[in-house]
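Enquirer: this one's structure only:
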Ligand code: THG
């Protein structure tokens, strides 16, 4: 499982405050801890306030990029914030989170994706919002695939986020998501899938329990990458064990190594 570490997200109060104070030491510690816990990418989300997002995201990139050995996942719905942040980004590998099946987003972002050789997350969301059936979400996946092909970006660079909607708002959302997960690589084998896993439990009590169960199910349905808090040791323990159980962990080495390093909770 590709781990995209979610903690540096300005929708969280502690992050928003540290960002306003330009507390660079705080962000360096957040980034280092997440990298140490096994993150493959560090997600940076500077919030959604248009007046500040461009400067804030650039500042976060500047602070974090030289402190960790892992690449960054730039998380914004603001094309200009992504574009400006990429100008100062200095590593080879990068992930752009995200674009949608909307013409305007496609035209703004895919030339930059091509130019920077980035991996890119495409959301199964179009002009009409998030569709409520597997078939309709797959129609949007087809649009995302057509879009990357039009800009000569290989399908291998695209990760599809089928979008997790909380089960608390509609009991069918977990199953709808999981069915979409399996449909994607069946129709487009080079594509990988990703999600913001904790959305599933929004509004429910004991969210961490639900997130862990959902991790097991997602791995059972072939999820490739997850935007998660890698400091949640129980969540990662479920991840390591589920991958071994699904035959996604050669000789169970990932599980055994995590055990030896003391990363597995009972
Ligand atoms: N898909 C894609 N990108 C995404 C999401 C997604 N990026 C943002 C988000 N969803 C994933 N990232 C986070 C980051 C932090 C938290 C949740 C998801 C988080 N949430 C707690 C909560 O909601 O209660 C704590 C809030 C707080 O501390 O204030 O920490 O779906 N492609």
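Expert: Perfect, thanks for sending it. Here the structure is a predicted model, which means the values were calculated and not measured.
Enquirer: only C-alpha atoms from now on, for both contacts and neighbour counts.
Expert: OK.
Enquirer: which residues are in contact with the strand or helix carrying residue 44?
Expert: Using DSSP states H and E, residue 44 maps to strand 41-44. Here strand 41-44 makes contact (C-alpha atoms under 8 Å, 6 or more residues apart in numbering) with 3-9, 31, 34-35, 57, 60-61, 70-75, 95, 227.
Enquirer: now with 6 Å, please.
Expert: 4, 5, 6, 8, 70, 71, 72, 73, 74, 75 (C-alpha atoms under 6 Å, 6 or more residues apart in numbering).
Enquirer: any idea how far the first one lies from residue 151?
Expert: When you say that, I think you mean residue 4. Taking C-alpha to C-alpha, to the nearest Å as the measure, residue 4 falls 25 Å from residue 151.
Enquirer: likewise for the last one?
Expert: With the distance defined as C-alpha to C-alpha, residue 75 ends up 21 Å from residue 151.
Enquirer: those two: who's more crowded?
Expert: Under the neighbour definition other C-alpha atoms under 10 Å, residue 75 and residue 151 were set side by side, and residue 75 has more, 24 against 15.
Enquirer: in the sheet, who's paired with that one?
Expert: Residue 75 forms beta bridges with residue 97, as assigned by DSSP bridges.
Enquirer: just residue 195 next, same as before
Expert: Residues in beta-bridge contact with residue 195 (DSSP bridges): residue 226.
Enquirer: re the thing from before, filter the contacts of strand 41-44 down to the ones near the ligand?
Expert: residue 6 (C-alpha under 6 Å from any ligand atom).
Enquirer: so which of the contacts of strand 41-44 is the closest to residue 248?
Expert: residue 4 (18.2 Å; C-alpha to C-alpha).
Enquirer: where does this protein dip in pLDDT?
Expert: Within the chain, no range satisfies pLDDT under 70.
Enquirer: where exactly do the strands run in it?
Expert: Ranges of strands in the chain, per DSSP state E, are 2-5, 41-44, 72-75, 94-99, 119-123, 158-161, 192-196, 225-228.
Enquirer: may I see the buried residues of stretch 251-266?
Expert: 254, 255, 256, 258, 263, 264 (16 or more other C-alpha atoms under 10 Å).
Enquirer: ok, for the first one, nearest residue in space, not its chain neighbours?
Expert: With C-alpha to C-alpha, 6 or more residues apart in numbering as the criterion, residue 254 has its nearest non-adjacent residue at 6.7 Å, and that residue is residue 240.
Enquirer: again with the last one
Expert: Counting by C-alpha to C-alpha, 6+ apart, residue 237 is the residue found nearest to residue 264 once chain neighbours are left out, at 5.0 Å.
Enquirer: pretty sure that neighbour contacts residue 266?
Expert: No: applying C-alpha atoms under 6 Å as the test, residue 237 and residue 266 come out as separate, 8.2 Å apart.
Enquirer: which ones are touching the residue most central in space within the chain?
Expert: Per C-alpha atoms, centre = their mean, the C-alpha nearest to the average position across the chain is that of residue 227, at 3.9 Å. Residue 227 makes contacts with 4, 5, 6, 196, as judged by C-alpha under 6 Å, 6+ apart.
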